[in-house]
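> Everything below, folded, please.
(chains A and B)
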Amino acid sequence: RKEVEQDPGPFNVPEGATVAFNCTYSNSASQSFFWYRQDCRKEPKLLMSVYSSGNEDGRFTAQLNRASQYISLLIRDSKLSDSATYLCVVNERASGGSYIPTFGRGTSLIVHP
Amino acid sequence: EPEVTQTPSHQVTQMGQEVILRCVPISNHLYFYWYRQILGQKVEFLVSFYNNEISEKSEIFDDQFSVERPDGSNFTLKIRSTKLEDSAMYFCASRRTEQETQYFGPGTRLLVL
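Okay, the predicted model is just below:
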């Protein structure tokens, strides 16, 4: 069974801290990867796509390690507004040949003053 | 910026009743999805739709569920005879190609009594 695994947390950090989330996936044929953010009772919103070379967007850095089937998200200088659940999403090939975004359970982040 | 819309935002129904959840995907997107999220749990894939037919469906998507794209803009999910365990948030999503980012609608919160 194909799975996307994340540490559920919660990660409880002070403002200004650096925090890292990890995600592992089991389907080696997966081709695209994303981090989404979900606030309580809201829809998932794209935070960033994850590229093979790693990519950075302001305080956020995503890394992909295909050999280890591992994705990470680093948040520097945490803000109170970063408090949310971070969802790892892996585009997996389903039995019918289509690609289906598969969600991890999410990692909860709480940033406190 | 174009966005996915969903109606209604909330629906309360009696067990055994039929419900139709509506979505308007982003206009130049070709791939459409329904997901559900039971409170406190992960986002679960239900069904994907491309070229006017279902391309993949999960074990959750049984005979009680159906999808339609009745015109060029709407994408609907019908639950024929609702059960208590169908209570969840239902998200519609769309994307332009299979490897690109999905964009989610705000969801319909369904409560079955």
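> Around chain B, pick out the residues from chain A.
Counting by Cβ under 8 Å from any Cβ of the partner chain, chain A comes close to chain B at A:31-32, A:34, A:38, A:41-46, A:49, A:87, A:89, A:91, A:94-96, A:98-106. Bear in mind the C-beta positions are built from the backbone N, C-alpha and C, glycine included.
> Need the buried ones from those residues selected in ChimeraX.
Command for ChimeraX, covering only those of the residues of chain A next to chain B found buried under the criterion 16 or more other Cβ atoms under 10 Å in any protein chain shown:
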select /A:32,34,38,43,44,49,87,89,91,94,99,100,101,102,103,104,105,106
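> Mark which of the residues of chain A next to chain B are part of strands, please.
Mapping these onto strands (DSSP state E) picks out A:32, A:34, A:38, A:45-46, A:49, A:87, A:89, A:91, A:99-103.
> How many neighbouring residues does the residue nearest to residue B:36 when sequence neighbours are not counted have?
Distance criterion Cβ to Cβ, 6 or more residues apart in numbering or on different chains; nearest residue to residue B:36, sequence neighbours excluded, is residue B:88 at 4.4 Å. Other residues lying near residue B:88 total 20 when counted by other Cβ atoms under 10 Å in any protein chain shown.
> what does the one 5 residues further on give?
Around residue B:93 there are 26 other residues, counting by other Cβ under 10 Å.
> now the strands for chain B?
Assigned by DSSP E, chain B shows strands spanning B:5-7, B:10-13, B:19-24, B:31-37, B:44-50, B:53-57, B:65-68, B:75-79, B:88-95, B:103-104, B:108-112.
> Would you mind giving the ones you listed as CSV with distance to residue A:72 and mean pLDDT added?
Putting the strands of chain B into CSV (distance: least, Cβ to Cβ, whole Å; pLDDT from 0 to 100) gives the following:
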stretch, distance to residue A:72, mean pLDDT
strand B:5-7, 32, 97
strand B:10-13, 37, 97
strand B:19-24, 32, 97
strand B:31-37, 24, 97
strand B:44-50, 23, 96
strand B:53-57, 28, 95
strand B:65-68, 35, 96
strand B:75-79, 34, 97
strand B:88-95, 24, 97
strand B:103-104, 23, 96
strand B:108-112, 32, 98
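> so which of those comes closest to residue A:8?
Ranking these by proximity to residue A:8 (Cβ to Cβ) places strand B:31-37 first, at 14.7 Å.
> Output the contacting helices and strands for the closest one.
With contacts taken as 3 or more Cβ pairs under 8 Å, 6 or more residues apart in numbering or on different chains; DSSP states H and E, strand B:31-37 sits against strand A:99-103, strand B:19-24, strand B:44-50, strand B:88-95.
> Now do the last one: everything it contacts.
What it means is strand B:88-95. A:41, A:43-44, A:101, B:4, B:6, B:21, B:23, B:25-26, B:29-39, B:43, B:75, B:77, B:101-105, B:107-110 (Cβ atoms under 8 Å, 6 or more residues apart in numbering or on different chains).
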